[in-house]
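Engineer: Would you be able to build a 3D model of this:
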Amino acid sequence: MQSLDQQAVVNHLFWTYLLQEKNPKGLSGDVLIDGAPQPPNFKCISGYVVQDDVVMGTLTVKENFQFSAALRLPKSIRQKQKNEKVEQLIRELGLSKVANSKIGTAFVRGVSGGERKRTNIGMELITDPSVLFLDEPTTGLDASTAGAVLLLLKRLSRKGRTIIFSIHQPRFSIFRLFDSLTLLASGRMVYHGPAQDAVEYFASIGYTCEAFNNPADFFLDVVNGDSTAVASNKEEDIDIDMLEHGEDDRSIVERLAEEYSKSSYYRDTKTELEKLSEKSSEKSAAVFRSVTYATSFCHQLKWVSKRTFKNLLGTPQASVAQLGISVFLGLIVGALFFGVKNDDSGIQNRVGALFFMSTNQCFSSASAIELFITENKIFIHEYISGYYSVSAYFFSKLMADLLPMRTLPSIILSSIAYFMIGFKPTVEAFFTLMLTLILTSYTATSMTLAISAGQNVVAVASLLTTISFVFMLIFSGLLVNLPSIMDWLSWLQYLSIPQYALTALQVNELTGLKFNCDPSDTTSSPNNSSSSARCFTGEEYLARQGIEASSWGLWQNHLALAIMTIIFLLITYLKLRFMNKFT
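Structural biologist: Take a look at the predicted model:
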């Protein structure tokens with residue numbers, strides 16, 4: 001069955017409500033499948049090809065099919081059988097020549113538009129659905145490619161599948177493939193019946209399609225009410241000037257709907273619906289937002305993580321650039337603060353280097369802003385279609401981002417800068433600094449994810465993240481002495497990620513060091529002020545900053561960072577879990 005509508009947005013709304021991808025609140029009526037209420041797992045036994053492409057561009061055609069087969073087919077089916085099904089589907093869709101070609105992204109050249117559309121269709125055909133829905137499958141395709149896609153759908157329908165799709169102004173070679181046709185105008189049904197009888201029906205109510213005119217264009221001209229077809233057929237009833245300005249659209253639609261309600265097609269449809277309603281004796285409300293899965297959580301996590309890592313390797317620009325920047329910044333900060341001494345300049349340089357490193361960890365997490373935003377459409381479609389749960393998607397993203405993209409840069413930065421600067425030469429101090437930087441990166445990234453999850457615009461998420469980090473820097477402990485802050489503002493320091501990072505780094509580095517003390521003078525001590533520069537210890541400096549120089553003073557910051565990471569990740573998960581995926 002095909003649906004023709006004068007507005008593409010109406011088509012989209014029709015499908016989203018029919019397939020329960022929008023909240024049906026405020027609407028009345030029932031959606032019946034073979035005379036019975038729509039089952040909760042209907043999305044898993046049917047296919048829906050959306051108008052936009054929802055395949056991973058960094059994967060090949062075969063890899064996308066394998067992903068769909070792995071998650072949408074039950075585990076009772078052996079992997080060999082799944083692979084055979086994938087190969088068979090590739091042959092049926094005519095994708096053998098591009099099976100190992102990537103779909104394509106903005107940076108990677110891929111397959112053609114028609115091949116991409118056929119790949120989208122194949123993702124849904126993996127489950128052998130008895131019903132396949134398509135939302136304007138010819139959008140963005142040239143006439144030849146659109147015809148090829150519709151011929152494919154015609155072949156599928158001859159194999160026993162029910163194909164239902166909406167389409168806007170198809171050419172005649174496509175229109176003649178239709179079996180059943182539904183015409184909608186302003187939310188009103190003006191025709192539903194055999195596609196080949198539509199021209200004759202419109203002629204019976206006074207609208208004759210001229211020779212060599214495309215019936216589909218003629219129908220849209222009629223329902224739009226501003227066509228020469230209407231004017232030439234109904235000059236005695238309709239003012240042509242009004243048609244040109246579209247002022248009589250409503251009356252034309254109402255008249256068409258009224259004529260249809262008097263037709264035999266309407267009576268046949270009504271009779272059939274009444275029979276279906278009688279068969280459905282047990283009236284039960286359709287289960288909305290019920291998503292079922294064919295595989296377990298662990299299986300979903302395995303395959304989604306596998307695809308995420310492939311996607312990461314398929315677009316190495318961001319990851320390679322981040323690693324390269326870590327090496328560059330490590331060399332820069334190492335050169336600027338090279339060979340620090342134990343004097344006044346030495347403590348200033350140490351604190352400055354530690355502040356730079358902790359701040360870099362915060363702002364480098366901005367690369368995580370796009371983690372959920374760029375794949376938002378794919379995630380929503382695959383989640384609703386029963387590919388995987390929110391939990392599997394969430395943990396796979398964490399494994400692919402936190403481990404390689406946050407851990408490795410932290411290790412590289414600390415390994416280069418630590419020895420060039422000349423920090424405390426102990427193994428314990430080195431690994432404590434590395435751990436602190438990793439935890440700082442995890443916490444900052446988690447906050448970035450919490451802000452960006454559920455957002456649709458990268459610029460908005462980026463702005464909110466930047467403002468948050470700038471605000472946190474004020475309370476980091478370097479720009480302002482924290483003990484001197486007024487009580488009604490001092491609590492804000494406990495929300496600052498750089499404050500915990502810098503405090504831990506200072507305690508780790510400065511504890512046990514002496515400054516302005518002559519090592520050859522055995523009489524010198526922190527209390528000896530005979531020299532022009534007073535000798536003092538790292539503990540004294542920390543005390544003036546309001547920092548506790550003890551083991552607890554060090555590890556309490558790590559504990560705070562870990563707790564903040566958990567809280568931010570929990571917020572991220574809840575936003576993904578409860579974000580409105582059905583509107």
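
Engineer: Quick check: chain neighbours aside, which residue is closest to residue 395?
Structural biologist: Closest residue to residue 395 apart from its sequence neighbours, by Cβ to Cβ, 6 or more residues apart in numbering: residue 301 at 5.9 Å. To be clear about C-beta, it is placed using only N, CA and C from the backbone, and glycine gets the same treatment.

Engineer: What does the pLDDT read for that neighbour?
Structural biologist: Note on residue 301: pLDDT of 93.

Engineer: May I ask which helix or strand encompasses it?
Structural biologist: Taking DSSP states H and E as the definition, residue 301 sits inside helix 297-314.

Engineer: do residue 100 as well
Structural biologist: Going by DSSP H and E, residue 100 is not in any helix or strand.

Engineer: That one: how many residues sit nearby?
Structural biologist: Close neighbours of residue 100, defined as other Cβ atoms under 10 Å, add up to 10.

Engineer: Could you report the distance from the residue lying closest to it once chain neighbours are set aside to residue 447?
Structural biologist: Closest residue to residue 100 apart from its sequence neighbours, by Cβ to Cβ, 6+ apart: residue 60 at 5.2 Å. Remark: distance between residue 60 and residue 447 (Cβ to Cβ, to the nearest Å) = 35 Å.

Engineer: out of the two, which sits in the more crowded spot?
Structural biologist: For residue 60 versus residue 447, neighbours defined as other Cβ under 10 Å are more numerous around residue 447 (25 against 20).

Engineer: quick check, the more buried one in a helix?
Structural biologist: Yes. The assignment for residue 447 (DSSP: H, G, I helix; E, B strand; the rest coil) places it in a helix.

Engineer: Tell me who's in contact with it.
Structural biologist: If a contact means Cβ atoms under 8 Å, 6 or more residues apart in numbering, then residue 447 has 365, 465, 468, 497, 564, 568 as its contacts.

Engineer: circling back: tell me the angle whichever helix or strand comes after the helix holding residue 301 makes with helix 297-314.
Structural biologist: Helices and strands here follow DSSP H and E; after helix 297-314, the next one along the chain is helix 316-336. Angle of helix 316-336 versus helix 297-314, following axes from the mean of the first three to the mean of the last three Cα atoms, to 10 degrees, is 70 degrees.

Engineer: ok, how many other residues are close to the spatially closest residue to residue 309 that is not a sequence neighbour?
Structural biologist: Excluding its sequence neighbours, the residue lying closest to residue 309 (Cβ to Cβ, 6+ apart) is residue 400, at 5.6 Å. Using other Cβ under 10 Å, residue 400 is surrounded by 20 other residues.

Engineer: Could you double-check that residue 400 sits in contact with residue 315?
Structural biologist: No. Residue 400 lies out of contact with residue 315 (Cβ atoms under 8 Å); the separation is 11.9 Å.

Engineer: Between these two, which contacts overlap?
Structural biologist: Common neighbours of residue 400 and residue 315, using Cβ under 8 Å, 6+ apart, do not exist here.

Engineer: Would you mind listing the buried residues in stretch 167-181?
Structural biologist: Going by neighbour count (16 or more other Cβ atoms under 10 Å), the buried part of stretch 167-181 is 167-168, 170, 174-175, 177-178, 181.

Engineer: Would you mind measuring the gap between the ends of it?
Structural biologist: Start and end residues of stretch 167-181 are separated by 11 Å (Cα to Cα, to the nearest Å).

Engineer: what does stretch 45-54 give?
Structural biologist: Per Cα to Cα, stretch 45-54 runs 19 Å from first to last residue.

Engineer: now, which of the contacts of residue 447 lie within helices?
Structural biologist: Those of the contacts of residue 447 mapping onto helices are 465, 468, 497, 564, 568, per DSSP state H.

Engineer: most surrounded residue in those residues?
Structural biologist: Neighbour max across the ones in helices among the contacts of residue 447 (other Cβ under 10 Å) = residue 497, 30 neighbours.

Engineer: any weak-confidence spans in this structure?
Structural biologist: 1-30, 34-35, 39-41, 43-44, 226-250, 278-291, 518-533, 580-583 (pLDDT under 70).

Engineer: so who does the residue most central in space within it touch?
Structural biologist: Residue closest to the average C-alpha location in the chain (Cα atoms, centre = their mean): residue 376, at 1.7 Å. Applying Cβ under 8 Å, 6+ apart to residue 376 gives the contacts residue 456.

Engineer: thinking again about what came up before, pull out the buried positions in whichever strand or helix holds the residue nearest to residue 309.
Structural biologist: Assigning secondary structure by DSSP H and E places residue 400 in helix 390-401. Of all the residues in helix 390-401, those buried under the rule 16+ other Cβ under 10 Å are 390, 392-398, 400-401.

Engineer: Contacts made by stretch 131-148 with the rest, please.
Structural biologist: Contacting residues not belonging to stretch 131-148 are listed as 8, 11-12, 15, 18-19, 46-51, 112-114, 117, 121, 124-125, 149-150, 153, 156, 161-168, 170-171, 173-174 [Cβ under 8 Å, 6+ apart].

Engineer: same check, this time on stretch 106-125
Structural biologist: Under the contact criterion Cβ under 8 Å, 6+ apart, stretch 106-125 has outside partners 47-50, 53-55, 57-58, 61, 64-65, 68, 89-90, 93-95, 98, 101-104, 132, 134, 137, 140-142, 145, 148-149, 152-153, 156, 314-315, 317, 385.

Engineer: try 6 Å this time
Structural biologist: Identification of contacts with stretch 106-125 by Cβ atoms under 6 Å, 6 or more residues apart in numbering yields 47, 49, 53, 55, 61, 65, 68, 89, 93, 98, 101-104, 140-141, 145, 148-149.

Engineer: Of these, which belong to helices?
Structural biologist: The members of the contacts of stretch 106-125 that map onto helices under DSSP H are 61, 65, 68, 89, 145, 148-149.
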